[in-house]
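> the following block contains a protein sequence and its predicted model.
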Amino acid sequence: MIKWPPLPAIRIHPVFWIVLGAGVLTGRFYEVATVFFIVILHEVGHLAAAKAFHWRVASIDLLPFGGVMKVDEVGTRPIREELIVILSGPLQHLWLPAVSFLLRLTPFWNPVNHALFMDRNWMILAFNMLPVWPLDGGKLLLLALSRALPYRRAYRITLVWSAVMLGALTTWMAIKAPYSVNFMLIGGFLAFAIYKEWTDQRYIFLRFLLARWNRSGSAAGPPRTITVPAEAPFWRVFDQFYKDATHRIKVRGYGSMHTIEERAFLDAFFSGRFNGRRVGDLFR
């Protein structure tokens, strides 16, 4: 007997129910159903890639513009692995037009259906690629910044940029379509998601450090040396950690230069004996 891996809970976000109800009341149910179908396949792409890498997927929330797959691995896996999972959703939009062209050969799929399907497919893809968290484009921005900057700084810049971009998009929509209920709902969701991510960033960064400590997350990468004075707090060192790198910490003070490897440094921190103290205390 084949034993299938457990599937995550799939939930339809309240925003989607509101849009669906609005579609029924305005006679646009087919349009909403088309979007629902495209969104489902988009998330199936993410899910298949995540499961292939043995990620723990808790749930998938479906929204009018896509979905949010809730996992614990974001930020803790190698950049290449996260890149594949992120791109596996948008890639579904590239073969979906072929499905619509094939359906054109059947009697129940007319040119109007095809045009609507194509329009919504490209619209959802374009929206998801915007560099705004938690859209796929925002996650790609974080990965790109993580290659050039320490992870914590890259994460903060991503959230700040997402807030700026969302503000600019909201201003543009206020001018072009001030009464767009759909955008009000979606924009409100994105604003709350960015705010929630900002308030949780300390917990998220701690998860990043725990994954490195347990060696269940980011793989070892090229070596990087971090040099700090002995009176520096632990967090000053962690703020210089890169995503895919192996760190060596050099501590100046007490008349000499001390060196400690990343694993030993994390062991000392998570042991609790040096929490809130200075890096130089490790060598006293």
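Nice, I can see it.
> can you classify Ala50 by secondary structure?
Per DSSP: H, G, I helix; E, B strand; the rest coil, the secondary structure class of Ala50 is helix.
> can you pull the contacts of it?
Applying CB atoms under 8 Å, 6 or more residues apart in numbering to Ala50 gives the contacts Val57, Met69, Val71, Glu73, Val85. In this view, the C-beta of every residue, glycine as well, is placed from N, C-alpha and C.
> at 6 Å instead, please
Ala50 is in contact with Val57, Val85, counting by CB atoms under 6 Å, 6 or more residues apart in numbering.
> for Val228, phi and psi?
Backbone torsions for Val228, taken as degrees, to the nearest 10, come to phi -140, psi 160.
> distance of it from Pro150?
To Pro150, Val228 is 13 Å away according to CB to CB, to the nearest Å.
> ok, which stretches of the stretch 1-150 of the chain are strands?
If DSSP state E, counting those that start in this stretch is used as the criterion, the strands of the stretch 1-150 of the chain fall at 9-12, 57-63, 66-71.
> can you say which of the ones you listed is packed in most?
Ranked by average neighbour count under the criterion mean count of other CB atoms under 10 Å, the strands of the stretch 1-150 of the chain are headed by strand 66-71 at a mean of 21.
> the inter-axis angle of it versus strand 57-63?
170 degrees (axes from the mean of the first three to the mean of the last three CA atoms, to 10 degrees).
> stretch 44-59: which residues count as buried?
Gly45, His46, Leu47, Ala49, Ala50, Trp55, Val57 (16 or more other CB atoms under 10 Å).
> for it, give the mean pLDDT please.
Averaging pLDDT along stretch 44-59 yields 88.
> next, the distance between the ends of that stretch.
Taking CA to CA, to the nearest Å, stretch 44-59 runs 12 Å from one end to the other.
> show me what the lengthiest helix in the chain is packed up against.
In the chain, with assignment by DSSP state H, the single longest helix is helix 151-176. Other helices and strands packing on helix 151-176, by 3 or more CB pairs under 6 Å, 6 or more residues apart in numbering; DSSP states H and E, are helix 136-148, helix 181-199.
> next one: the residue nearest in space to the middle of the chain, what pLDDT does it get?
By CA atoms, centre = their mean, the chain has its centre lying nearest to Lys139, at 4.3 Å. At Lys139, the model reports a pLDDT of 94.
> if I look at the residue nearest to it when sequence neighbours are not counted, how far off is Trp17?
What sits nearest to Lys139 in space, not counting adjacent residues and going by CB to CB, 6 or more residues apart in numbering, is Ile86, at 5.0 Å. Ile86 sits 27 Å away from Trp17 when distances are taken as CB to CB.
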